[in-house]
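Participant: Okay, sequence plus prediction incoming.
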Amino acid sequence: MIGAVRNAETMMGCTVCDPLVMASGMPARFLGLDRQRGRTAEGYAADLVALRGEQLVVSGNCVAGAWLAQRSPER
């Protein structure tokens, strides 16, 4: 999915925010889960991916509000 975000940013010429919203909100809507997932808002599931840098390297994952143990990124 992160590759799709990067491609959308490059091909659409927009900031990374728009593709990230699309990558989370659109799948949730497609699956009928958009009232509980796909946004960072009160009452929504606290499933997050923390990204860092322009390369959008995954630096952490949060599932149901609990941060998972971090692994070293594969190179």
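Facilitator: Happy to help now that I have it. Numbers count the residues shown, from 1 in each chain.

Participant: could you dump the helix or strand encompassing residue 7 to CSV, C-alpha only?
Facilitator: Secondary structure assignment for residue 7, by DSSP states H and E: helix 2-12. Below are the C-alpha coordinates for helix 2-12, written out as CSV (Å, rounded to 0.1, in the frame of the first residue of the first chain):
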residue,chain,number,x,y,z
ILE,A,2,2.9,2.4,0.7
GLY,A,3,4.0,1.9,-2.9
ALA,A,4,0.6,3.0,-4.1
VAL,A,5,0.8,6.1,-1.8
ARG,A,6,4.2,7.0,-3.3
ASN,A,7,3.0,6.5,-6.8
ALA,A,8,-0.1,8.6,-6.3
GLU,A,9,1.9,11.4,-4.8
THR,A,10,4.3,11.4,-7.8
MET,A,11,1.8,10.9,-10.6
MET,A,12,-0.9,13.2,-9.2
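
Participant: 30 is where my numbering starts, stick with that
Facilitator: In the new numbering, first residue 30, that becomes helix 31-41.

Participant: Only the buried residues of it, if you could.
Facilitator: 34, 37-38 (16 or more other C-beta atoms under 10 Å). (C-beta placed from N, C-alpha, C; glycine too.)

Participant: For these, give me JSON lines that also has pLDDT and distance to residue 72.
Facilitator: Putting the buried residues of helix 31-41 into JSON lines (pLDDT from 0 to 100; distance: C-beta to C-beta, whole Å) gives the following:
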{"residue": "34", "pLDDT": "87", "distance to residue 72": "25"}
{"residue": "37", "pLDDT": "87", "distance to residue 72": "28"}
{"residue": "38", "pLDDT": "86", "distance to residue 72": "29"}
